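> Mind looking at a prediction? Sequence and model below.
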2 protein chains.
Amino acid sequence: MKKVVSESVINRLPRYYRYLTEINRSGIERISSKDLSEKMHVTASQIRQDLNCFGGFGQQGYGYNVESLRAEIGKILGLNRGYTAILVGAGNMGRAFASNTNFESRGFKLIGIFDIDKKKIGMDVRGLKVQDYKDIKAFIEREKPSMAILAVSRNSMHEVAENLISYGVKAFLNFSYTELDAAEGVSVENVHLGDSLMRLSYKISEKEE
Amino acid sequence: MKKVVSESVINRLPRYYRYLTEINRSGIERISSKDLSEKMHVTASQIRQDLNCFGGFGQQGYGYNVESLRAEIGKILGLNRGYTAILVGAGNMGRAFASNTNFESRGFKLIGIFDIDKKKIGMDVRGLKVQDYKDIKAFIEREKPSMAILAVSRNSMHEVAENLISYGVKAFLNFSYTELDAAEGVSVENVHLGDSLMRLSYKISEKEE
DNA sequence: TAAACTTTGTCAAGTGTTTAACACACAAGA
DNA sequence: TCTTGTGTGTTAAACACTTGACAAAGTTTA
């Protein structure tokens, strides 16, 4: 009975979630697909179609309740499950991610930060002490984090990932230049800041034609 | 005569570029769409179709020359145009981006970093001194950067963007929580690290069902 | 030089996604 | 309570993208 939801829809959910968070924050209680579509620059039809993959959250003649729709999408995304994360690599990227994307407000909990660099070990990042990478195995086996965020150098990424997989980590958010291929039973999300830069470059050069 | 290339194709170009860079680095001179497709986990047909939007870069019976294909894609993406960038916001995110995504290796040049925080002004980031945001107008009018990278707080983003647009900036890479809507004649690329985190969360929770 | 093999560029079929349209449900106002 | 208006959920048509298939072109081997 579980119907398959297309990846395009899933990929749009975080964006809906962000917009609904903003709208909720600004005190608006209800919103129609039409109003939301104008704010987000998509079609109202797409919004209704997307939401209906998961159930009828709206009400005819009324629209959607902002807060409850936001909560529903959060639930679909698994934000209410108390997932925990460890961060591997306390360099600029790791620290930026830790401080930037409000973990807690999304229901995630950062429970450990690791690095091999002696200079970074012991440092305080967002209230957590950076730990020695040597101790990561014991930590993972004890705490069983839901995911690992890889903000390590391109060279060590594959080795680190393999190790963590063998220690039991099942999901990765990878910031390295090279992509991590999802092994059987392992979820991977690769992030490439450079790609965004190149896309912007394309847009600029396209306009110059 | 200029045929329109679909956005899906454009979005894949940076990924091709990355893989070709890696393959080139590992010393391989030629590659067939089939071999590349296996490495990248896409279909060979798609690779050939994508590349043919821009011209026949390959040769029957031979495949593609890695280095020249990489260069061609770079050209399409505008990486050979010597675009310049300024970074606004020297917090964790700004510094991470500056040090992480190899500007120079992609043909970009970071020419200025700005912040309002007195503690950050004067700091050295990747060989550039962080400058006072007050001086940004004069700098932009003098140097005419191709793009601005916004790594500022959610609150100040819109104001900063408006100012920079009025000073003549035509392209933005935006890291703030809220999206910057592309005004007429302005190119925008929004990056949301939190979205990747939510997508990963979805993947994890999906597997738990 | 000829035959066998490889691999592209391209077309058309197949598949997936987006959009418009509308019946039906509910809300709001009189 | 009735009537009017609003806005969802859903269907089907339009559109876009991806894939498989194959002729033609070039490479390699003998």
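Sure, I can see it. Numbers count the residues shown, from 1 in each chain, chains lettered A, B, ... in the order given.
> what about stretch A:57-71 and DNA strand C, touching?
Yes - on the criterion C-beta under 7 Å from any atom of the strand, stretch A:57-71 is in touch with DNA strand C at A:59-62. Any C-beta I mention is one placed from the backbone N, CA and C, and that applies to glycine too.
> Nearest to B:Asn24 among the residues you listed?
Checking the residues of stretch A:57-71 next to DNA strand C against B:Asn24 with C-beta to C-beta, the nearest one is A:Gln59 at 56.4 Å.
> Quick one, grab the pLDDT at A:Ala182.
At A:Ala182, the model reports a pLDDT of 89.
> That should have said A:Met1, apologies.
You'll see A:Met1 listed with a pLDDT of 38.
> one step back: give me the buried subset of the residues of stretch A:57-71 next to DNA strand C.
Neighbour-count burial (16 or more other C-beta atoms under 10 Å in any protein chain shown) is assigned to none of the residues of stretch A:57-71 next to DNA strand C.
> A:Arg12: what's it in contact with?
A:Asp50 (C-beta atoms under 8 Å, 6 or more residues apart in numbering or on different chains).
> Does the residue in chain A that DNA strand C sits nearest to lie in a helix or a strand, and which?
With C-beta to the nearest atom of the strand, the shortest gap between chain A and DNA strand C falls at A:Gly61, namely 2.5 Å. Using DSSP states H and E, A:Gly61 is not contained in any helix or strand.
> from the residues of stretch A:57-71 next to DNA strand C, which is closest to A:Ser146?
A:Gln59 (34.4 Å).
> What residues of stretch A:70-90 count as buried?
Going by neighbour count (16+ other C-beta under 10 Å), the buried part of stretch A:70-90 is A:70-74, A:76-79, A:81, A:83-90.
> Stretch A:97-112 too?
For stretch A:97-112, by 16+ other C-beta under 10 Å, it's A:97-98, A:100-101, A:103, A:106-108, A:110-112.
> now do stretch A:159-168
A:160-161, A:163-165, A:167.
> Over to stretch A:10-22?
By neighbour count on 16+ other C-beta under 10 Å, the buried set for stretch A:10-22 is A:10, A:12-22.
> quick one: is that stretch near DNA strand D?
No - Stretch A:10-22 stays clear of DNA strand D (C-beta under 7 Å from any atom of the strand), getting no nearer than 12.5 Å.
> Neighbours of the closest residue in space to A:Glu67 that isn't next to it in sequence, how many?
Counting by C-beta to C-beta, 6 or more residues apart in numbering or on different chains, A:Glu67 lies nearest to A:Asn24, which is 5.5 Å off, once chain neighbours are set aside. Using other C-beta atoms under 10 Å in any protein chain shown, A:Asn24 is surrounded by 18 other residues.
> Using the three-state scheme, assign A:Asn24.
Classification of A:Asn24 using DSSP: H, G, I helix; E, B strand; the rest coil returns helix.
> just to revisit the earlier point, would you turn the buried residues of stretch A:159-168 into JSON lines with pLDDT, secondary structure and distance to DNA strand C?
As requested, the buried residues of stretch A:159-168 are exported to JSON lines (pLDDT from 0 to 100; DSSP: H, G, I helix; E, B strand; the rest coil; distance: C-beta to the nearest atom of the strand, whole Å):
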{"residue": "A:Val160", "pLDDT": "98", "secondary structure": "helix", "distance to DNA strand C": "32"}
{"residue": "A:Ala161", "pLDDT": "97", "secondary structure": "helix", "distance to DNA strand C": "28"}
{"residue": "A:Asn163", "pLDDT": "97", "secondary structure": "helix", "distance to DNA strand C": "35"}
{"residue": "A:Leu164", "pLDDT": "98", "secondary structure": "helix", "distance to DNA strand C": "31"}
{"residue": "A:Ile165", "pLDDT": "97", "secondary structure": "helix", "distance to DNA strand C": "29"}
{"residue": "A:Tyr167", "pLDDT": "98", "secondary structure": "helix", "distance to DNA strand C": "34"}
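> Check those against A:Gly185 and report the nearest one.
A:Ile165 (9.1 Å).
> Please tell me how far the closest one sits from A:Ile28.
Relative to A:Ile28, A:Ile165 is positioned 44 Å away (C-beta to C-beta, to the nearest Å).
> likewise A:Ile86?
The spacing between A:Ile86 and A:Ile28, counted by C-beta to C-beta, is 37 Å.
> Give me the neighbour count for the closest residue to A:Asn65 other than its chain neighbours.
In this structure, A:Asn65 finds its nearest non-sequential neighbour in A:Arg30, 5.7 Å apart by C-beta to C-beta, 6+ apart. A:Arg30 has 16 neighbouring residues, counting by other C-beta under 10 Å.
> And the one 10 residues further on, by the same measure?
Close neighbours of A:Met40, defined as other C-beta under 10 Å, add up to 18.
> SS state for the nearest residue to it once chain neighbours are set aside?
Closest residue in space to A:Met40, ignoring its immediate chain neighbours: A:Tyr19 at 5.6 Å, by C-beta to C-beta, 6+ apart. Look at A:Tyr19: counting by three-state DSSP, its state is helix.
> Surely A:Tyr19 and A:Ser37 touch.
No - if you go by C-beta atoms under 8 Å, A:Tyr19 and A:Ser37 don't touch, sitting 10.5 Å apart.
> Next secondary structure after the lowest-mean-pLDDT helix or strand in chain A?
Here the helix or strand of chain A ranked lowest by mean pLDDT, DSSP states H and E is helix A:92-100, holding a mean of 90. As assigned by DSSP H and E, the chain's next helix or strand after helix A:92-100 is strand A:109-115.
> what about dumping the CA coordinates of that following strand to CSV?
What follows is strand A:109-115, C-alpha atoms only, in CSV (Å, rounded to 0.1, in the frame of the first residue of the first chain):
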residue,chain,number,x,y,z
LYS,A,109,21.6,16.5,18.3
LEU,A,110,25.3,16.9,17.8
ILE,A,111,26.9,14.6,20.3
GLY,A,112,30.5,14.4,19.4
ILE,A,113,33.3,16.2,17.4
PHE,A,114,36.5,14.4,16.3
ASP,A,115,39.8,15.4,14.7
